[in-house]
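**Student:** sequence and predicted structure below; questions after.
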Amino acid sequence: MQYDTDSAMPDKIPHIHVACAIIQMDGLILATQRSATMSLPLKWEFPGGKLEAGETPEQCLQRELQEELAITVRVGQGLPPVTHSYPAFKVTLYPFFCDSLEGTMILHEHSAACWLTPNELPTLDWAEADWPIISQLAHHL
Ligand SMILES: Nc1nc2c([nH]c(=O)n2[C@@H]2O[C@H](COP(=O)(O)OP(=O)(O)OP(=O)(O)O)[C@@H](O)[C@H]2O)c(=O)[nH]1
């Protein structure tokens, strides 16, 4: 007998939890572009990465920003988390405003970075999950 395995299977799509940094400096916000070899190639995002077990979002951001960009920041207020389903995985983004950037930025993983005003942010080709954050920033900053 044949039966529909898909409907009987639990949801196998991984759900990842990602802290991301909205870094502000002189009224501008930092955007970083994923490299051609990363997942979501060449999409723009806020720097950050997956939360590791036992790690606070602040610790995660300090670790990821050091690894990815060789910078440190002061982590401030959080924005509401955003959940989005891509075809291969589901992501919940935990955005945090950051400032007081220290260090000379080096792009260890990204292909580009730029500083934009909140109104300019929607001109980039953002990762799908980021659009609710972009709309919020463009309207409220
Ligand atoms: N850092 C960051 N990641 C984002 C954003 N939006 C978004 O969809 N993501 C997704 O969340 C995941 C972040 O994890 P990560 O930065 O540790 O992933 P990675 O590319 O190093 O590892 P991976 O190749 O296994 O995906 C990526 O799959 C990325 O595509 C964002 O604004 N910032």
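**Tutor:** All right, it came through fine. Numbering: from 1, shown residues only.
**Student:** residues from this protein in reach of the ligand?
**Tutor:** 16, 18, 20, 38-40, 45-50, 91, 93, 127, 129-130 (Cβ under 6 Å from any ligand atom). In short, each C-beta sits where N, CA and C put it, glycine included.
**Student:** go again with 5 Å.
**Tutor:** 18, 20, 38-40, 45-46, 48-50, 91, 127, 129-130 (Cβ under 5 Å from any ligand atom).
**Student:** what's the mean pLDDT across the top strand by length along the chain?
**Tutor:** The residue-count maximum for a strand in the chain (DSSP state E) belongs to strand 90-102. The average pLDDT for strand 90-102 rounds to 98.
**Student:** do the same with stretch 51-63
**Tutor:** 97.
**Student:** try stretch 30-47
**Tutor:** So the average pLDDT for stretch 30-47 ends up being 97.
**Student:** swap in stretch 66-82?
**Tutor:** Per-residue scores along stretch 66-82 average to 97.
**Student:** endpoints of it, how far apart?
**Tutor:** 24 Å (Cα to Cα, to the nearest Å).
**Student:** who's in contact with it?
**Tutor:** 21-23, 32, 47, 49, 57-58, 61-62, 65, 92-110, 113, 129-130, 132-133, 136 (Cβ atoms under 8 Å, 6 or more residues apart in numbering).
**Student:** which of those residues count as buried?
**Tutor:** The neighbour-count test (16 or more other Cβ atoms under 10 Å) marks 21-23, 32, 47, 49, 57-58, 61-62, 65, 93-98, 101, 105, 110, 113, 129-130, 132-133, 136 as buried among the contacts of stretch 66-82.
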